[in-house]
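**Q** here you go, sequence then predicted model.
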Number of protein chains: 2
Amino acid sequence: MLWEDVSVLDPSTQRPAVGIRDVAALARVSPTTVSNVLSGNRRVSAATRERVHWAIDQLGYRPNLSARNLRVRRAGLIAVAVPEIGVPYFAELIGHVVQAARERDYTVLIDQTEGRLEAERFVLSGMNPGMVDGILFSPLGIERVEYENRRDSTPLVLLGERISGGGVDHVAIDNVAAAADATRYLIERGGRRIAAIGHQEREGGGTAPQRTRGYRQALDAAGMSYDPGLVVPTSKYHRRDGALAMAALLDRGTRPDAVFCYSDLVALGAIHTLRERGLRVPEDVAVIGIDDIDEGRYSTPTLTTITPDKVAIARTALELLFDRIADGSREPRQIVVPHSLTVRRSA
Amino acid sequence: MLWEDVSVLDPSTQRPAVGIRDVAALARVSPTTVSNVLSGNRRVSAATRERVHWAIDQLGYRPNLSARNLRVRRAGLIAVAVPEIGVPYFAELIGHVVQAARERDYTVLIDQTEGRLEAERFVLSGMNPGMVDGILFSPLGIERVEYENRRDSTPLVLLGERISGGGVDHVAIDNVAAAADATRYLIERGGRRIAAIGHQEREGGGTAPQRTRGYRQALDAAGMSYDPGLVVPTSKYHRRDGALAMAALLDRGTRPDAVFCYSDLVALGAIHTLRERGLRVPEDVAVIGIDDIDEGRYSTPTLTTITPDKVAIARTALELLFDRIADGSREPRQIVVPHSLTVRRSA
DNA sequence: CTGAAAGCGCTTACAG
DNA sequence: CTGAAAGCGCTTACAG
């Protein structure tokens, strides 16, 4: 089928799709010139520019991004891969990423791994070639070696995961310090039997083991002994996991006077169980979380928590990503974003 | 620069990018055949197929989507445009959309309008041509006429917004009925002074006016009079808006015995204020919301709410969208998704 | 300041 | 069962 034979139709509407050639023809210039008017790459005389703009308006022309991307080898798209968008922490973080990306004329594509290993491997392999220019990745199940054996070269920045190997860009809060801060606060306000909910055994030290380490550090520093019976692992960090873990703790006869939860959602779940059992928060049991999601500002009681600077995480991650896109071979950087303690009512 | 002169380099890594031609050369077949092996569009002899697969593995080849998209005029991408990803209702809905889209080999791109008019107009204009195959759009500020004057032909499905004109595909719950159900439930359990929080004046009847209508209907049906002093408008549906509206109501001396909130977030904010003022929920004031976000299962008290079938909304919307992608000129359909009442503790 | 031509990496009639 | 060639809609050296 030749161009001259049949006009190109948009398959979905049967309306003619207008391309750069149509604009060029109408403006009586070459496609080159139209392209230059659009990109601003080359000086174009005012008269010509005006004619081109007129033709563009006339035809309602809008450049085809697939074609441009194919040509310039840039997709204008970055992917954010997280376990679940429905988890408020990720939803809020993605909101900031989308906003920061827009400022750079990038669009954000969402990938939800649900912690599935194949999904995470797909992310590591750069997703579909040519589809995205870079990836922000919050991993869950994948092992550290897999990062190191990564063959794909798509720029990638890890979110919230501290890979001690250091072969990959990443941005995170200092999880050990954050957990220690939370625990120390519970100690300072009188906690003597402090439970920890959210531990996970992971190779190569993921977020959870780091938080457990911080918890132990704070205990040590206060001269308090570490009681493994007070540490409850959870496989995920949903409200449900917090609620069930708290119930399990209580059911086995353990009565902590304070609980350090590895996420706000876990904390909210734990509070739910405590109140159902008739225990008062914080009077009987103080509860602290990590994440500072909006929900904790309005929950009953309002949630004391560790506040990571989510805006900084989003912006820093994008900065690392764009740096890496610009220079694929520069040294990987690991950036630690500040966190703070936000005291509300629950502890 | 000719192909033969210099091998093509991936700009970010300086590693050679492998294309279909490399695979073809290594497998000693034509690119056509490689393409056919990949797509399954044509029968390929077992021996050839094997050689091609071997070559693909050997080179780690993965097809370039921009090129494919350019050729087949399909992006494999749909956009979801919502006011804010950080709002749990949207986050949960998007999670379902992402999942349903994956089953169809589609990827989801996020657009956050924040209710900005230009952002919403950009969505209506189909975003960037060739970038997405279709759009799921949850509008906020845009006027009805703008849909009708829409020039762009990108398939688009409206989410949660009932455009009475009916010129556009959309899927939503029956907002009038949902509000009436909520209000009737409050009446049945003894409410006599029932406030409504979340009203908005909008042209052409958006979600908010419909809910107000349902509220009034239920009042009428019970023979109760409508008191404008009990209806509080809010500009947004965040926790904060609910909290402030509730405070305003109380501050002006109004003491409802029940509150119908136009979203769960508003309800949670209202509860926050009530408890801060020492009022018991539901004993002093019963509160009901709409959305059934996960948060309401664990809040204190747990939240009674109207549950829209979010999975159905996501799947139906995608179905409409794919139908429209397949046939751009079919009659627009307006689909009503079921909702139900979920009774928990707050009312 | 402007244009003709090549090519980004695919797929798909057309031909055998 | 397989291949040569055209073309998707752009951008960018190259040339003037």
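**A** Sure thing, it's come through.
**Q** residue ranges for the helices of the stretch 51-200 of chain A, please.
**A** A:65-72, A:88-103, A:117-124, A:144-148, A:175-188 (DSSP state H, counting those that start in this stretch).
**Q** other SSEs contacting the second one?
**A** Yep, that's helix A:88-103 we're talking about. Counting contacts by 3 or more Cβ pairs under 8 Å, 6 or more residues apart in numbering or on different chains; DSSP states H and E, helix A:88-103 packs against strand A:77-82, strand A:107-112, helix A:264-276, helix A:310-326, helix B:88-102, strand B:107-112. Where you see a C-beta, it was placed from the backbone N, CA and C, and this is true even at glycine.
**Q** returning to what we had before: to residue B:301, which of the helices of the stretch 51-200 of chain A lies closest?
**A** Closest approach to residue B:301 among those (Cβ to Cβ): helix A:88-103, 19.9 Å.
**Q** residue A:156 versus the residue of the stretch 201-347 of chain A found nearest DNA strand C, what's the distance?
**A** Among all residues of the stretch 201-347 of chain A, residue A:328 sits closest to DNA strand C, at 15.6 Å; criterion: Cβ to the nearest atom of the strand. Distance from residue A:328 to residue A:156, counting by Cβ to Cβ, to the nearest Å: 11 Å.
**Q** same thing with residue A:82?
**A** 14 Å.
**Q** how about the contacts made by residue A:321?
**A** Residues near residue A:321 by Cβ atoms under 8 Å, 6 or more residues apart in numbering or on different chains: A:78, A:134, A:135, A:136, A:155, A:156, A:157, A:169.
**Q** ok, 6 Å please
**A** For residue A:321, the contact set (Cβ atoms under 6 Å, 6 or more residues apart in numbering or on different chains) comprises A:134, A:155, A:157.
**Q** my guess is the last one meets residue A:136, correct?
**A** Yep, that's residue A:157 we're talking about. Yes - shown here, residue A:157 and residue A:136 form a contact pair, counting by Cβ atoms under 6 Å, at 5.4 Å.
**Q** in terms of packing, which of these two has more residues around it?
**A** More neighbours surround residue A:136 than the other of residue A:157 and residue A:136, with 29 against 26 (other Cβ atoms under 10 Å in any protein chain shown).
**Q** look up the closest residue to the more buried one, ignoring the ones flanking it.
**A** residue A:80 (4.7 Å; Cβ to Cβ, 6 or more residues apart in numbering or on different chains).
**Q** what of residue A:277?
**A** Leaving aside its sequence neighbours, residue A:277 sits nearest to residue A:250 (Cβ to Cβ, 6+ apart; 6.0 Å).
**Q** for that neighbour, helix, strand, or coil?
**A** Secondary structure, DSSP: H, G, I helix; E, B strand; the rest coil: residue A:250 is helix.
**Q** what's the burial count for it?
**A** Residue A:250 has 18 nearby residues by other Cβ under 10 Å.
**Q** so what's it scoring on pLDDT?
**A** pLDDT recorded at residue A:250 is 97.
**Q** do you know how far it is from residue A:244?
**A** Taking Cβ to Cβ, one finds residue A:250 at 11 Å from residue A:244.
**Q** same thing with residue A:256?
**A** According to Cβ to Cβ, residue A:256 stands 16 Å off from residue A:244.
**Q** and the contacts of residue A:321, which is closest to residue B:175?
**A** Using Cβ to Cβ, the contacts of residue A:321 come closest to residue B:175 at residue A:134, 40.3 Å.
**Q** quick revisit: who touches the residue nearest to residue A:136 in this structure?
**A** A:94, A:97, A:108, A:110, A:136.
**Q** now render the residues you listed as JSON lines, adding pLDDT.
**A** Below are the contacts of residue A:80 laid out as JSON lines (pLDDT from 0 to 100):
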{"residue": "A:94", "pLDDT": "96"}
{"residue": "A:97", "pLDDT": "96"}
{"residue": "A:108", "pLDDT": "93"}
{"residue": "A:110", "pLDDT": "92"}
{"residue": "A:136", "pLDDT": "96"}
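**Q** which of those residues are buried?
**A** A:94, A:97, A:108, A:110, A:136 (16 or more other Cβ atoms under 10 Å in any protein chain shown).
**Q** the first one touches residue B:84, doesn't it?
**A** No - in terms of Cβ under 6 Å, residue A:94 does not count as a neighbour of residue B:84; the distance is 10.4 Å.
**Q** pull up the residues of chain A that are close to DNA strand D.
**A** Contacts of chain A with DNA strand D, taken as Cβ under 7 Å from any atom of the strand, map to A:1-3, A:8, A:17, A:19-21, A:31-32, A:35-36, A:38-39, A:41, A:61, A:63-64, A:67-68, A:70-72.
**Q** quick check on those: which are buried?
**A** Using 16+ other Cβ under 10 Å, the buried ones in those are A:17, A:19, A:20, A:35, A:36, A:38, A:61, A:63, A:64, A:67, A:68, A:70.
**Q** dump those residues to JSON lines, plus pLDDT and distance to chain B.
**A** Shown next, in JSON lines, are these (pLDDT from 0 to 100; distance: Cβ to the nearest Cβ, whole Å):
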{"residue": "A:17", "pLDDT": "71", "distance to chain B": "8"}
{"residue": "A:19", "pLDDT": "89", "distance to chain B": "10"}
{"residue": "A:20", "pLDDT": "92", "distance to chain B": "11"}
{"residue": "A:35", "pLDDT": "93", "distance to chain B": "15"}
{"residue": "A:36", "pLDDT": "92", "distance to chain B": "19"}
{"residue": "A:38", "pLDDT": "89", "distance to chain B": "13"}
{"residue": "A:61", "pLDDT": "87", "distance to chain B": "9"}
{"residue": "A:63", "pLDDT": "86", "distance to chain B": "7"}
{"residue": "A:64", "pLDDT": "84", "distance to chain B": "4"}
{"residue": "A:67", "pLDDT": "86", "distance to chain B": "5"}
{"residue": "A:68", "pLDDT": "86", "distance to chain B": "9"}
{"residue": "A:70", "pLDDT": "84", "distance to chain B": "4"}
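**Q** what is the most widely separated pair among those?
**A** A:17 and A:36 (21.7 Å).
**Q** can you find the helix or strand in chain A with the smallest mean pLDDT?
**A** The helix or strand of chain A with the lowest confidence, counting by mean pLDDT, DSSP states H and E, is helix A:144-148 at a mean of 73.
**Q** which other helices and strands contact that one?
**A** Contacts defined by 3 or more Cβ pairs under 6 Å, 6 or more residues apart in numbering or on different chains; DSSP states H and E place helix A:144-148 against no helix or strand at all.
**Q** next one: it to chain centre, how far?
**A** 19 Å (Cα atoms, centre = their mean, to the nearest Å).
**Q** quick one: stretch A:32-45 near DNA strand C?
**A** Yes - using Cβ under 7 Å from any atom of the strand, stretch A:32-45 reaches DNA strand C at A:32, A:33, A:36, A:42, A:43, A:44, A:45.
**Q** that stretch: end-to-end distance?
**A** 14 Å (Cα to Cα, to the nearest Å).
**Q** centre of the chain versus it, how much separation?
**A** Distance, centroid of stretch A:32-45 to centroid of chain: 37 Å (Cα atoms, centre = their mean).
**Q** so where's chain A uncertain?
**A** A:1-16, A:162-166, A:203-205 (pLDDT under 70).
**Q** pop the domain breakdown of it in here.
**A** Domain ranges of chain A: A:20-63, A:74-173+A:310-338, A:175-308, per automatic domain parsing.
**Q** coming back round to it: which neighbours do residue A:157 and residue A:136 have in common?
**A** In contact with both residue A:157 and residue A:136: residue A:317, using Cβ under 6 Å, 6+ apart.
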